Structures are given as C-alpha cells and as structure tokens.
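> Structure for the following, please:
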Amino acid sequence: MAKSKAPRPRPPRAATGRLLGFGGLGIAAAAYVGVDYLRYLAPAWHERLQPALWAALALAAAARAPFYRHWAAELRTALPFLGSIAFMLAAFLCEAISVRFVSAVMGLQWHRSADPLPDTGQWLLLALNEKLPQTVVDLLRAHVITLHHYLMLFIMLGFSVLFDCIKAPGLGIATRYMFTMAIGRLLRTITFVATILPSARPWCAAARYQIPGHPHPWAQKYYVPYASDSDAIRRVIRDDVAYAAVQAYPGEHRPDWGQMSFLVDILRPTPGEGPSWYHLLKKASGGCNDLMYSGHMLVAVLTAMAWTEAYGGWISVVIWLLVLHSAQREIRERHHYSVDCVVAIYVGVLLWRMTGFIWSARDASRARRLAKLDEVQGRLIHAAKDSDIDEIRGLLKEVELAGQERQGFSQRAILAFAGATIIFTLSCVLLAFTMTSDG
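Residues are numbered from 1 along each chain as shown. Next up, the predicted model:
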C-alpha cells in the first residue's frame, strides 16, 4: 500500500510582517502625513502625537532588525549604496552652483523688470476658484504634503523591508532612488542653464540675494545689445557675429578664493555675502529664476513610483493623488510654471523605468531557479527514466540552491553591519527631531 505524502511545511511569517503586509504600512504612511498636517489644525495635538508616532516607528524598526533575514544581501549592496550617495551629492553641488549662476547672471535689475511668462495652468486654476465650492478650493490650497513628507515616505518604504513588506535588500531600492534622483538633477541642471527663464515671482531675487544690479560681462556682450532691438537681432542672425559695442558697467567684485577662484565668474559674489564660495551656495536655495523642471515634483514622482512598484495597494493611489495636489499647488503659488510640473512628472516616470537594473520588485530568485531547471532538465528526465531517486533529489536540491542568496560574508561581519545600520538609523531619527522643525 502506497504511503501518503506528508504535507510540505510552510515557513511561518512574523505577526508584524503580516500586519504591515496587510496594509499596515499604508496606514503608517497615512498617519504620518495626517499627524504632521495637525500643525495647521491643532498645533497642541501635533506637538504630542508627532514625537510619539516617530518613537513608535523607530522602536518597531529597531526591535525587528535583529530578526531580519537578509542582512547578507544588504551588506552586498552597501558599496553601491555609498556610491549612489556620493553621486547624488555631486549632482546637488553641480545644481547649487548652476542655480546661483542663473540667478545672478542677468543682474538684479533684470529680475525686477522681467515679466512672468503667460501660463495657461495658472489661468485655469484661477478660473476654477470662481467655479468650485469654497471647501474644495480651500482643500486645493492646503499644504497637505510638502517636500520633506515625500522624502520621509520613501524612508518609511525602505525600512519596511524589515517587516517583509517589500523585496530585499532595502539598500537596493535606496540605491536606485538616489541614483535616479542624481540623474534627474543633472538633467534638470542642463535644462535650466540652457535657457534662462524669468521667475513667476519677480520680487524673489531682491528678497533673497545680494547679487549685482547689472548683468554679467558675458550677458553684456552677447545678450543686452540684442535683447529688444529687432534690427540688431536680424543683423546678428545674418552675420552670426556679436558686433555691437558693450556699454560701460561697474566692475565685478573678485575675492580671492584660492584654488576655487575659477568660481568667481560663475557665482558673481558681492562684498556682503560672506568670505567663501560655500557661503554663497548655502544661500542658493531654490533660485530666483524659473528652473525647468521642478525639483520638488521630481522627488514627489520618484517617491510615488517607488511605492507603486515596491508596495502597490491603495496607499500608492493616494500618494499619486497627493503628487497631483502638489503639482497644482506649485503652479497656484507661482513657485513654478505649469510646464515645469508636467515635464517633471514624465521625466521622473521615465527615469525610474530606466533604472530597474539597480533594483526591481521582480523575483530574481525565481528566474535563477528556472534557468537552473532548464540546465538540468535533460539529466532530470534521464534520472526519472532510471528511477534514480537519489539523483533526482540531488538535481532538485541544485535547483533550489540556485534561487537562494549567496552568503559570502562571515556571521560576525553580518552582525557588525546590522548593528551599525541600527545605530545609524536611530541617530538619523534623533537628528531629525533635534535639527529640524518639520519632522
């Protein structure tokens, strides 16, 4: 009589993993945004609930970390992760220098006199204010979500790997996020440097910078003589030579910055803006020209794309709705023109799609097992014909091992890396509480 086969045991899942996988991560994300919005509705409750929420999330992550099963995969991703951080910081430095350049090159007088560009998106929103109920208009105007919320939402998504909510390694999706962000920032820098556009807020430069009132010598020679005279424009097109005489302008301030003095012609410092080039970059902020495309919207779109691919569910739909809300508010408050937000959305989507080689939600272990199965298929059929049970077991074991993670590190190295990661995480949380006012 044939023996009945014993049921194959299934590995147990942690209760916290089941809770977050069932939608708890989405609830935690919604709770974070909702609690932070209480700063406008009930500041006293916000001061109580926000530290409690972050303390609960930090303790949950710290308690779960020792039982995380993929520290070896995280350790293998550590070097690409650090490389993506360095690449992103370099991109931010390049962007900050370029922001200062486009803000200072035309001079303060140009900022005061240049008219904003006609924007049909702004017209549409003003028309909707007249048609929609006041409650809806107030909701569209509300600061429901801002830049730091999108960054913290991604951090929450990354650390949810501890609860098996997304595919490991968590540093893998973080590497993809920062690498994509760096590429997007570099493309943005090339775009807004290529053509200088007037700000939708003409008073911005006077309120934020101490830039010279006159244009840069480059603009004095190649732009000012041909800016408004149609005959001059026609002649320079015909001859393709900058023929006009340059007017007399005040000289440029040229401090001694040592090896960084080459930045003087780019940053256009003034005597009252600090002793070094670094002080100027700290004041660059978001610039006072229209910067095509919106950096805030790029962050929002990349966060939404990461949530959609890694987690999905109702919370991803909510995040995309918040992205659209942020876009209309950027236009409504004249931080950007409509074209900046539209371009940022499709550039962010396309860039995220292009960087799937760094990290993907697809199960790579399944593909490895299938490839190994194809490799041993002939031997497996031969062993089955010969009724060689031991050979069949051995081949199936090879297929199973092909889908498993390779360790490659000692247990001591993995534990040290896990401890360093936990300490680093808790330190970041404490710094967020002590050095920022918005969580």
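> what about residue 90, neighbour count?
By other CB atoms under 10 Å, the residues close to residue 90 number 13. To be clear about C-beta, it is placed using only N, CA and C from the backbone, and glycine gets the same treatment.
> Helix or strand for it, just tell me which one.
helix 78-104 (DSSP states H and E).
> Which positions within the helix or strand following that helix qualify as buried?
Next helix or strand after helix 78-104 toward the C-terminus (DSSP H and E): helix 108-113. Using 16 or more other CB atoms under 10 Å as the test for burial, helix 108-113 gives 108, 110, 111.
> other SSEs contacting the helix holding residue 90?
On a contact count with 3 or more CB pairs under 8 Å, 6 or more residues apart in numbering; DSSP states H and E, helix 78-104 meets helix 170-194, helix 264-267, helix 277-282.
> Tabulate the ones you listed in CSV, adding columns for distance to residue 359 and mean neighbour count.
Shown next, in CSV, are the helices and strands packed on helix 78-104 (distance: least, CB to CB, whole Å; neighbours: other CB atoms under 10 Å):
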stretch, distance to residue 359, mean neighbour count
helix 170-194, 4, 21
helix 264-267, 36, 16
helix 277-282, 31, 16
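> got those helices as a markdown table, with mean pLDDT and distance to residue 132 columns?
Putting these into a markdown table (pLDDT from 0 to 100; distance: least, CB to CB, whole Å) gives the following:
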| stretch | mean pLDDT | distance to residue 132 |
| --- | --- | --- |
| helix 170-194 | 94 | 32 |
| helix 264-267 | 87 | 44 |
| helix 277-282 | 77 | 40 |
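> Contacts for the helix or strand hosting residue 351 next, please.
According to DSSP H and E, residue 351 maps onto helix 338-354. For helix 338-354, the surrounding residues in contact (CB atoms under 8 Å, 6 or more residues apart in numbering) are 119-122, 176, 180, 183-184, 187, 290-295, 297-298, 300-302, 305-306, 309, 323, 327, 330-331.
> I'd like to know which of the residues you listed are buried.
Buried members of the contacts of helix 338-354, counted by 16+ other CB under 10 Å: 119, 121-122, 176, 180, 183-184, 290-295, 297-298, 300-302, 305-306, 309, 323, 327, 330-331.
> Extract the residue ranges of the stretch 51-200 of the chain that are flagged as low pLDDT.
Applying pLDDT under 70 to the stretch 51-200 of the chain flags no residue at all.
> Under the pLDDT cut-off, which ranges of the stretch 201-350 of the chain? List them.
Residue ranges of the stretch 201-350 of the chain with pLDDT under 70: 283-285.
> isn't residue 421 right up against residue 77?
No: Residue 421 lies out of contact with residue 77 (CB atoms under 8 Å); the separation is 11.4 Å.
> from memory residue 109 sits against residue 219, does it?
No: the pair residue 109 / residue 219 is not scored as a contact, 11.5 Å apart, by CB under 8 Å.
> State the distance from residue 93 to residue 187.
Distance, residue 93 to residue 187, using CB to CB, to the nearest Å: 16 Å.
> I should have written residue 55 there, sorry.
Counting by CB to CB, the gap from residue 55 to residue 187 is 39 Å.
> swap in residue 60?
Per CB to CB, residue 60 is found 37 Å from residue 187.
> Show me what counts as buried in the helix holding residue 90.
Going by 16+ other CB under 10 Å, helix 78-104 has these buried residues: 80-81, 84, 87-88, 91-92, 94-104.
> next one: stretch 148-158
Result for stretch 148-158 [16+ other CB under 10 Å]: buried residues 149, 150, 152, 153, 154, 155, 156, 157, 158.
> And the fifth one, how close does it get to residue 314?
Between residue 154 and residue 314 the distance is 18 Å, computed by CB to CB.
> Likewise for the third one?
With distances taken as CB to CB, residue 152 is found 19 Å from residue 314.
> do the fourth one as well
Taken as CB to CB, the spacing of residue 153 relative to residue 314 amounts to 14 Å.
> quick one on the thing from earlier: would you mind saying which of the helices and strands packed on helix 78-104 lies nearest residue 139?
Closest to residue 139 of these is helix 170-194 (CB to CB; 29.0 Å).
> Report the distance from that closest one to the chain centre.
In terms of CA atoms, centre = their mean, to the nearest Å, the centre of helix 170-194 is set 7 Å apart from its chain centre.
> Kindly report the same for stretch 137-148.
On CA atoms, centre = their mean, the centre of stretch 137-148 falls 19 Å from the chain's centre.
> do stretch 151-171 as well
Distance, centroid of stretch 151-171 to centroid of chain: 15 Å (CA atoms, centre = their mean).
> now swap in stretch 252-261 and tell me
For stretch 252-261, the distance to the chain centre is 33 Å (CA atoms, centre = their mean).
> what residues does that stretch touch?
212, 217, 263, 264, 265, 268, 269, 270, 271, 275, 276, 277.
> separation between the closest residue to the second one other than its chain neighbours and residue 51?
What it means is residue 217. Distance criterion CB to CB, 6 or more residues apart in numbering; nearest residue to residue 217, sequence neighbours excluded, is residue 252 at 6.9 Å. Residue 252 sits at a distance of 49 Å from residue 51 (criterion: CB to CB).
> Likewise for residue 420?
25 Å.
> Would you map the helices across the stretch 1-150 of the chain?
15-19, 25-41, 43-64, 71-76, 78-104, 108-113, 120-131, 134-141, 147-159 (DSSP state H, counting those that start in this stretch).
> So which of those helices is nearest residue 238?
Here helix 108-113 is closest among these (CB to CB), at 26.3 Å.
> re the thing from before, okay if I get the buried residues of stretch 148-158 as JSON lines plus distance to residue 414?
Shown next, in JSON lines, are these (distance: CB to CB, whole Å):
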{"residue": "149", "distance to residue 414": "33"}
{"residue": "150", "distance to residue 414": "32"}
{"residue": "152", "distance to residue 414": "28"}
{"residue": "153", "distance to residue 414": "29"}
{"residue": "154", "distance to residue 414": "25"}
{"residue": "155", "distance to residue 414": "23"}
{"residue": "156", "distance to residue 414": "24"}
{"residue": "157", "distance to residue 414": "23"}
{"residue": "158", "distance to residue 414": "19"}
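> Could you tell me the angle between the helix or strand encompassing residue 323 and helix 147-159?
Element membership of residue 323, judged by DSSP H and E, is helix 313-332. Inter-element angle recorded for helix 313-332 and helix 147-159: 160 degrees (by axes from the mean of the first three to the mean of the last three CA atoms, to 10 degrees).
> then helix 313-332 to CSV, C-alphas only?
Coordinates of each C-alpha in helix 313-332 appear next as CSV, following Å, rounded to 0.1, in the frame of the first residue of the first chain:
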residue,chain,number,x,y,z
GLY,A,313,-2.1,48.9,-2.9
TRP,A,314,-4.4,51.8,-2.1
ILE,A,315,-1.7,53.9,-0.5
SER,A,316,0.1,54.1,-3.8
VAL,A,317,-3.1,55.6,-5.4
VAL,A,318,-3.3,58.1,-2.5
ILE,A,319,0.4,59.1,-3.0
TRP,A,320,-0.2,59.8,-6.7
LEU,A,321,-3.3,61.9,-5.8
LEU,A,322,-1.0,63.8,-3.4
VAL,A,323,1.5,64.3,-6.3
LEU,A,324,-1.2,65.9,-8.4
HIS,A,325,-2.2,68.1,-5.4
SER,A,326,1.4,69.2,-5.0
ALA,A,327,1.7,70.0,-8.8
GLN,A,328,-1.4,72.3,-8.8
ARG,A,329,-0.1,74.0,-5.6
GLU,A,330,3.3,74.6,-7.2
ILE,A,331,1.5,76.3,-10.0
ARG,A,332,-1.1,78.1,-7.8
